[in-house]
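In: 3D, please:
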Amino acid sequence: MGKMKGAVIIDTERCKGCNLCVVACPSNVLALSTNEVNHKGYAFCRDTNPDACIGCASCAIVCPDACITVYRKKAD
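Out: Residues are numbered from 1 along each chain as shown. Prediction:
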């Protein structure tokens, strides 16, 4: 069985920057944007270290607005 990796897709326009996903991520993949905001004026979550994602979906589980989708894929 091959190793699995994760891929995080974030709907930045729906994100309100609550930071729950950043805290829940065990691999430090996510961070809030520091110099951009979405159309609602919130600093949104962004995937800053995509290679470290293990596909655990902890971020998607804790997101109160369901802005995050996590896919698991086979590592190369």
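In: which residues of this protein fall in helices?
Out: Along the chain, counting by DSSP state H, helices occupy 20-24, 58-62.
In: so where's this structure shaky on pLDDT?
Out: 1-2 (pLDDT under 70).
In: residues contacting A31?
Out: V22, C45, R46, T48 (Cβ atoms under 8 Å, 6 or more residues apart in numbering). No exception for glycine: its C-beta is placed from N, CA and C like everyone else's.
In: counting neighbours, which of those residues end up buried?
Out: V22, C45, R46 (16 or more other Cβ atoms under 10 Å).
In: quick one on the thing from earlier: now, the contacts of A31 that are in strands?
Out: Those of the contacts of A31 mapping onto strands are C45, R46, per DSSP state E.
In: same list (the contacts of A31) but as a markdown table, adding distance to V29.
Out: Shown next, in a markdown table, are these (distance: Cβ to Cβ, whole Å):
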| residue | distance to V29 |
| --- | --- |
| V22 | 9 |
| C45 | 10 |
| R46 | 10 |
| T48 | 7 |
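In: what residues of stretch 3-14 count as buried?
Out: K5, G6, V8, I10, T12, R14.
In: distance of A60 from R14?
Out: Using Cβ to Cβ, to the nearest Å, A60 is found at 13 Å from R14.
In: any shared contact partners between those two?
Out: A66.
In: which stretches of the chain form strands?
Out: Under DSSP E, the chain gives strands at 4-10, 30-32, 45-47, 68-74.
In: which outside residues touch stretch 47-54?
Out: Residues contacting stretch 47-54 (Cβ under 8 Å, 6+ apart): 4-8, 10, 26-31, 70.
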